[in-house]
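[1] What follows is a protein structure lacking sequence information:
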């Protein structure tokens, strides 16, 4: 018999400067942050952390005010650029979109996500900047066969 996951407010807030806060205290333990980020998802209700205990599961929704995730590295393999997230995900150019916020800061989202955004750390940002092209009022990331428009928010 399959049971529905328990759904609750995790009381975790991800602040505008991307700090993870629980009941007023910053979460700084790397292993805890790694677990949370690797189990972070979204649905129509918001962003949540999935916990699995044997057959029991739960969704703890977070308050998202900033970037929950970061792109911390990149790999170039077989004419493709992969961006490496601090959630242990390896994202291909095919599955992401490039965005620029109102301050023109570049970030990425997976095509399947609406709320979860990845902040680019220095090295990946510098790498991607090498492939930035301007055409009129639009900007593109042009890498090999990929030419992706930067979506202005």
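    That came through fine. Since the structure is predicted, the reported quantities are computational estimates derived from the model, not experimental observations.

[2] So, low pLDDT: which residues of the protein?
    Scanning the chain with the threshold set as pLDDT under 70 gives 1-2.

[3] repeat that for 90
    Residues of the chain that meet the criterion pLDDT under 90 lie in 1-6, 52-56, 78-79, 102-104, 153.

[4] For the residue positioned nearest the centre of the chain, give me its contacts.
    In the chain, the centroid-proximal residue (Cα atoms, centre = their mean) is residue 118; its distance is 3.4 Å. With contacts defined as Cβ atoms under 8 Å, 6 or more residues apart in numbering, residue 118 is in contact with 67, 69, 70, 71, 83, 85, 91, 107, 108, 109. Every C-beta, even on glycine, is put in place using the N, C-alpha and C of the backbone.

[5] Format those residues as CSV; extra columns: secondary structure, distance to residue 57 and neighbour count.
    Written out in CSV, the entries for the contacts of residue 118 read as follows (DSSP: H, G, I helix; E, B strand; the rest coil; distance: Cβ to Cβ, whole Å; neighbours: other Cβ atoms under 10 Å):
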residue, secondary structure, distance to residue 57, neighbour count
67, coil, 26, 18
69, strand, 21, 22
70, strand, 26, 19
71, strand, 28, 25
83, strand, 29, 22
85, strand, 23, 20
91, strand, 25, 19
107, strand, 30, 20
108, strand, 28, 25
109, strand, 25, 19
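
[6] how does the protein divide into domains?
    Domain assignment of the chain by automatic domain parsing yields the ranges 6-64, 69-152.

[7] from the chain's centre, how far out does the last one sit?
    In this case it means domain 69-152. Relative to its parent chain, domain 69-152 has a centroid offset of 11 Å by Cα atoms, centre = their mean, to the nearest Å.

[8] The first one now?
    Shown here is domain 6-64, whose average C-alpha point lies 13 Å from the average C-alpha point of the whole chain (Cα atoms, centre = their mean).

[9] measure it end to end?
    From the first residue to the last, domain 6-64 extends over 20 Å; the measure is Cα to Cα, to the nearest Å.

[10] Now do the contacts for residue 56.
    So, once contact is read as Cβ under 8 Å, 6+ apart, residue 56 ends up touching 3, 6.

[11] ditto for residue 55
    For residue 55, the contact set (Cβ under 8 Å, 6+ apart) comprises residue 3.
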